[in-house]
Structure formats: structure tokens, C-alpha cells
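Undergrad: this one's structure only:
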């Protein structure tokens, strides 16, 4: 009998490649999810080292370690690597692992395209990292690659542009795959409004990605032709407009920040009900809130541009539209709190990270609301207040949710329980050092310290030293996370069928074919 991979027939393991070729050629959604997660962790460490380079220079006033150009390269590459290399691939890894299992599908819709969309990422990452070693170095224009500066940079900028193109192609293919899987491969009886919220958030995120990735590709392509073919899209002397670049970039960039938070909302919406031992409060309002956040994200882009001289009517529109996003976001936060209300809560590591997410992400949301007020933003634009704000939503938001999800699903992924004590230590180190690092940046920004500068006035010295110490602490704490995960993969207590007592919700009960390299049994080679 011909073996059918992963469908309950007797496995014929002989024709599957082993060793490295298994990972290169795999079309199994679980393998590919694992690849995404490890890749994103490698990029997270890389981007983290760059951040520590930034904080090392800012530990004290004066120029200590880096040339100003190199400092700018650190900030640019830290941003690009963390956004496109760490946060987004991690969430795609979650989507690959969980979405088919949550909807009862045997695998992703386009298994080979799934493999290809992952393997586009390592060359892109290589382009970004190698750009440090080319003449002129990695680009120093900031992660937003603003023209006209980005038109004048060396070949590192070309490498960054090609990396962005490749990662965009990967995102688009991954999104097509996720949408097709969710719409076409749900188990009988699973209507859209019965899907786990994580699946919903990814469905909406995938639509956002398909809508805005081509816009970013357009922006960097115009940059490329400005650089090499004298097109003058962004060159005022040639009849172009540097502000046009900002409009095109942020039309991508604002939906992008929601691309990086919606899957986090989905993870938290799985974890909180599990550890509160009661269903998610207001399921359908959560779905509608997520969809409305996605729609509104398209009409707020110029709140990143309050200082470019747009008309007062434009500023008013973007101010009010931005404030409107606070409504569905608030709906979500209150629904999460209502989910926990009177629940039989226990605080294992996934729950700690989700509750931590709730607390600190809400703070980041409030500073976002403050920055939405045009006259306030004009004062705070390009100061450390903005840096503090977006790290509160991206680190305490996206990253903490990623940690929460990894601890939550590790028992399912590996068949082993992780070390709970070490997990909790990782949480407390992370949340304390995170706040030590970024809370003081609000004060630096309010006092007027500009971002992206390697040197600063004496008055900012104390807060910068605190932030740098916190950053080194936060970075080192992530090595503990690596240790916990590796220790869990290698062995440890066997995970029960329902690792979280009472958390026997949908994602644990739906059938999913075991990968041919099942963690439970050694492969049988005929």
C-alpha cells in the first residue's frame, strides 16, 4: 500500500530525506513553522546585538566607541532586522504551526510555496547583515529609508532595498497561503465565527500584508531608480518631492505596525481564556474590533508626518482618525479584562507574559494616543518619547505575546514541558529590565532629546545610563529564554494530553496528522 504522508496510514519513512535535506526540502507546516521560529530568534539576537551597540555608545555623553555614520548604521539595521527579521517571521511561524491544527486542516494549502516563502528569508537576512561590510557600510538613513538621504547612500542601501523586496515577496506568498488555507480548508462545521481568534487575527493580518507589501516594494523601487537611473521621484531639484516618499512609505508603514500586533492580539486571546478557565468574553466584538483596526489602519498614515507642513485640515483628519483606532483597541483590552474577571486564574509563564502584555501594551497605546494629538506630536516628533512609545507596543506588545505563545504551545510542539521556574524568572527579568530601559525614555523625549544621535547634552546623562543598563539586562535575559527552549526540546517532563489543566479549548482537540518525524516515536525505516 502506498503510504500517504500524515493521514493515518502506515508511514513509509524510507523516502523522506534525513538530516539537513529534510529541513531544506520540507513541505510540512510544522517543520516550516519551526524554521520560521528559529530564523526569527537568530535575527532577534542579531538585532539585539545592534541595539546593545547603540546603548553602549549612549551609556555616557561624548563619542566613545563608534563613528557617527556607524552609529546611524546600527540604528537603521536594528530597526530593519527586528521588524522584518524577528517579529514578522516569528508570527508567520506561529501561523504555520497553529492555523492548520486550529482549523482541522491536514497542512497549508500550498505546501511547496510555503517552503519557498521561508527560504527567501535567509538570503534577505544575509543581504542586510553583509551590508555592514561593503564600501560605505550598511545604510545610515534610518529603518524608514527616507529620501533624499537614502538616494545618496552607498551600495549598502541597494542591498537593503533588495532585502526588502525579497522579504516582501516572502510575506505576500505566505499571506496568500494563509488566506487560502483558512478559507478553503476548515474542518466541516467550522464556520468563520467559530474559528479561534488567533486564526481570525491571522486572516486579517494576511489581507493587510497583501494590501501593503506591494506599496513598500513600489517605494523602494522608486528609490532604486532615483539612485541609479536619474528618475527624480524624490529629488526636488528634478521636479520630485521628498515628502512623496514619506507618504508612500507610511501608507505601507502604518498598516505594517498593525501587521506586527494583530497576531499578538490573537495569541493573547488564546492564552487568557485558557488560564482564566472561561471562554473569551465578547468573541464576535473581538472579531469586529480586529477588522475595524485593520480598516482604520489605512487612513491614518500621515500621523507620522505632522511636521512636514501639511494643511491644518489634513492634520485634523489624521489626528481624529488616529484617535478613532483607540476605540476598537479599547474594546479588545476591556474584553481581555472581562475574560479574566472572576476566572479561576493561575499564573504559569504564558499567562504571566499575556498579563504583562496587557499592562505594558496598554501603556504604549496611551502614549500613542498622546502622539496622535497634532500640537503635542509636533513637540515630541523625533524625540526619545517616540522611541519609548513604539518599543512599548513592539517589545512589550509583539515580543511579549510571542514569548507567551511559545511557552503556551511548546508542550504541544515538543511533547515536553519546559522548566516552569526558569520560565517565570525569564518573565520577571524581561518585564523589569524592559521598563528600566524604556520607561525613562519618555522623560528623555519630554526633555527634548532627539533620537538617532550618537552624542547628547550632559542633562540627559542619568536617564541614558539607566536605559543602557536596562538594555544590557534585557538582552542577557533572552539567553535564559534560549536555554529554557533548548532544554525543553531536548527532553524533560513528558507533556500530558492537556498540559494546561482546564485549558482544553479548540486548539488542543482538533486532529492534526503527526509529522513523519513524530516527537513520540522513533521513525521506522522499512
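TA: Nice, thanks for sending it over. Quantities reported herein were computed from a predicted structural model and do not represent experimental measurements. Numbers count the residues shown, from 1 in each chain.
Undergrad: now do the contacts for the closest residue in space to residue 120 that isn't next to it in sequence.
TA: Using C-beta to C-beta, 6 or more residues apart in numbering and skipping residues adjacent in sequence, the residue nearest residue 120 is residue 170, 4.1 Å away. Quick note: C-beta positions are derived from backbone N, CA and C, even for glycine. Residues counted as contacts of residue 170 (C-beta atoms under 8 Å, 6 or more residues apart in numbering) are 117, 118, 120, 121, 124.
Undergrad: state the mean pLDDT of the longest helix anywhere in the chain.
TA: Criterion DSSP state H: the longest helix present in the chain is helix 197-228. Throughout helix 197-228, pLDDT has a mean value of 97.
Undergrad: tell me where the stretch 401-526 of the chain has helices.
TA: Using DSSP state H, counting those that start in this stretch, the helices of the stretch 401-526 of the chain run over residues 420-446, 461-490, 506-509.
Undergrad: next one: residue 151 from residue 229, what distance?
TA: Residue 151 is 11 Å from residue 229, where distance means C-beta to C-beta, to the nearest Å.
Undergrad: neighbour count winner among those two?
TA: Residue environment comparison for residue 151 versus residue 229 gives the larger neighbour count to residue 151, 23 against 8, counting by other C-beta atoms under 10 Å.
Undergrad: is it true that the more buried one touches residue 225?
TA: No. Contact criterion C-beta atoms under 8 Å: residue 151 and residue 225 do not qualify, at 10.1 Å.
Undergrad: could you list the buried residues of whichever helix or strand the residue nearest to residue 120 is part of?
TA: For residue 170, the element it lies in under DSSP states H and E is helix 155-184. By neighbour count with 16 or more other C-beta atoms under 10 Å, helix 155-184 contains the buried residues 156-179, 181-182.
Undergrad: and what of stretch 299-307?
TA: Under 16+ other C-beta under 10 Å, the buried positions of stretch 299-307 are 300, 301, 302, 303, 304, 305, 306.
Undergrad: repeat that for stretch 407-424.
TA: Within stretch 407-424, judged by 16+ other C-beta under 10 Å, the buried ones are 407-419, 422-424.
Undergrad: of the residues you listed, which is the nearest to residue 274?
TA: The shortest separation between residue 274 and any of the buried residues of stretch 407-424 is 7.3 Å, and it belongs to residue 408 (by C-beta to C-beta).
Undergrad: list the residues that contact that closest one.
TA: Residue 408 is in contact with 267, 270, 271, 274, 350, 500, counting by C-beta under 8 Å, 6+ apart.
Undergrad: just the ones of the residues you listed in strands?
TA: Counting by DSSP state E, the contacts of residue 408 place none of their members in strands.
Undergrad: which of those fall within helices?
TA: Judged by DSSP H, helices contain the following of the contacts of residue 408: 267, 270, 271, 274, 350.
Undergrad: with adjacent residues omitted, what lies nearest to residue 172?
TA: Using C-beta to C-beta, 6+ apart, the closest residue to residue 172 is residue 213 (5.1 Å).
Undergrad: before we move on, what about residue 353?
TA: residue 404 (3.6 Å).
Undergrad: so that neighbour makes contact with residue 266?
TA: No. Taking C-beta under 8 Å as the contact criterion, residue 404 and residue 266 are not neighbours in contact, 11.0 Å apart.
Undergrad: re earlier: can you redo the contacts of residue 408 as JSON lines with neighbour count?
TA: Compiled in JSON lines, the contacts of residue 408 are given as follows (neighbours: other C-beta atoms under 10 Å):
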{"residue": "267", "neighbour count": "29"}
{"residue": "270", "neighbour count": "26"}
{"residue": "271", "neighbour count": "28"}
{"residue": "274", "neighbour count": "24"}
{"residue": "350", "neighbour count": "28"}
{"residue": "500", "neighbour count": "20"}
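Undergrad: related to what we said a few turns ago, just to check, the residue nearest to residue 172 is in contact with residue 176?
TA: No. Applying C-beta under 8 Å, one finds residue 213 not in contact with residue 176, separated by 10.9 Å.
Undergrad: pLDDT wise, what is residue 278 at?
TA: If you check residue 278, the pLDDT there is 89.
Undergrad: where does the residue lying closest to it once chain neighbours are set aside land in three-state SS?
TA: For residue 278, the nearest residue in space outside its immediate sequence neighbours is residue 343; the separation is 4.8 Å by C-beta to C-beta, 6+ apart. Applying DSSP: H, G, I helix; E, B strand; the rest coil to residue 343 yields a three-state assignment of coil.
Undergrad: give the buried residues for the longest helix of the chain.
TA: 197-213, 215-217, 219-224, 226-227.
Undergrad: pLDDT weak spots in this structure?
TA: In the prediction, the chain carries residues with pLDDT under 70 at positions 1-14, 501-526.
Undergrad: give me that answer again for 90
TA: Along the chain, the model assigns pLDDT under 90 to residues 1-19, 135-140, 189, 278, 491-493, 495-526.
Undergrad: what's near enough to touch residue 29?
TA: 96, 97, 100, 107, 108, 111, 114.
Undergrad: mind putting those in JSON lines, distance to residue 63 included?
TA: Putting these into JSON lines (distance: C-beta to C-beta, whole Å) gives the following:
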{"residue": "96", "distance to residue 63": "45"}
{"residue": "97", "distance to residue 63": "46"}
{"residue": "100", "distance to residue 63": "52"}
{"residue": "107", "distance to residue 63": "54"}
{"residue": "108", "distance to residue 63": "50"}
{"residue": "111", "distance to residue 63": "52"}
{"residue": "114", "distance to residue 63": "47"}
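Undergrad: let me know the closest of those to residue 258.
TA: Residue 258 has its nearest neighbour among the contacts of residue 29 in residue 96, at 20.4 Å by C-beta to C-beta.
Undergrad: and the most centrally placed residue in the chain, how far is that from residue 239?
TA: Centroid check for the chain by C-alpha atoms, centre = their mean gives residue 87 as the closest residue, at 2.5 Å. Separation of residue 87 from residue 239 (C-beta to C-beta): 38 Å.
Undergrad: secondary structure element holding the closest residue to residue 326 other than its chain neighbours?
TA: In space, residue 326 comes closest to residue 369 once its chain neighbours are excluded; the distance is 5.4 Å by C-beta to C-beta, 6+ apart. Secondary-structure assignment from DSSP H and E places residue 369 in helix 349-372.
Undergrad: helices or strands up against that helix?
TA: helix 262-276, helix 312-340, helix 374-380, helix 384-393, helix 400-414, helix 420-446 (3 or more C-beta pairs under 8 Å, 6 or more residues apart in numbering; DSSP states H and E).
Undergrad: can we see that at 6 Å?
TA: With contacts taken as 3 or more C-beta pairs under 6 Å, 6 or more residues apart in numbering; DSSP states H and E, helix 349-372 sits against helix 262-276, helix 312-340, helix 384-393, helix 400-414, helix 420-446.
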